[in-house]
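A.B. asks: 3D model of this:
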Amino acid sequence: MTLELVKRIALGLAIGGGLGAVYQKLVGCRTGACPLLATPIRAILYGAALGLVWALTGRRS
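C.D. replies: Numbers count the residues shown, from 1 in each chain. Sure, this is the predicted structure:
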């Protein structure tokens, strides 16, 4: 793994996790019936996973 790839992965995880936390805080699941966003940790993990996918499929320089 190159240093650039490690940076991309870390950045994708951080941005995705942060956006997941913000989404859960602002929109969230009021009833707790939503399987993916019922708790903040699930929203953060889901966001981080999407951020990782975004980081790994992005354009490489």
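
A.B. asks: which residues sit against the lengthiest helix in the chain?
C.D. replies: Secondary structure of the chain read by DSSP state H shows that its longest helix is helix 3-26. In this structure, residues lying in contact with helix 3-26 by Cβ atoms under 8 Å, 6 or more residues apart in numbering are 37, 39-40, 43-56, 58, 61. Heads up, the C-betas are built off the backbone N, CA and C, glycines and all.

A.B. asks: So for that helix, mean pLDDT?
C.D. replies: Helix 3-26 carries an average pLDDT of 91.

A.B. asks: Could you do stretch 48-60 as well?
C.D. replies: For stretch 48-60, mean pLDDT is 86.

A.B. asks: to the chain's geometric centre, what's the distance from it?
C.D. replies: Offset of stretch 48-60 from its chain centre (Cα atoms, centre = their mean, to the nearest Å): 10 Å.

A.B. asks: Quick check: buried residues in it?
C.D. replies: Across stretch 48-60, burial judged by 16 or more other Cβ atoms under 10 Å covers 48, 50-52, 55.

A.B. asks: burial count for the nearest residue to Pro35 once chain neighbours are set aside?
C.D. replies: Leaving aside its chain neighbours, Pro35 sits nearest to Arg42 (8.0 Å; criterion: Cβ to Cβ, 6 or more residues apart in numbering). Look at Arg42: counted by other Cβ atoms under 10 Å, it has 16 neighbours.

A.B. asks: what does Val27 give?
C.D. replies: Per other Cβ under 10 Å, the neighbour tally for Val27 reads 11.

A.B. asks: show me what contacts it?
C.D. replies: Counting by Cβ under 8 Å, 6+ apart, Val27 touches Leu37.

A.B. asks: Generate TSV for the buried residues of stretch 48-60, with secondary structure and distance to Gly32 as supplementary columns.
C.D. replies: Listed next are these as TSV, based on DSSP: H, G, I helix; E, B strand; the rest coil; distance: Cβ to Cβ, whole Å:
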residue	secondary structure	distance to Gly32
Ala48	helix	21
Leu50	helix	22
Gly51	helix	24
Leu52	helix	26
Ala55	helix	30
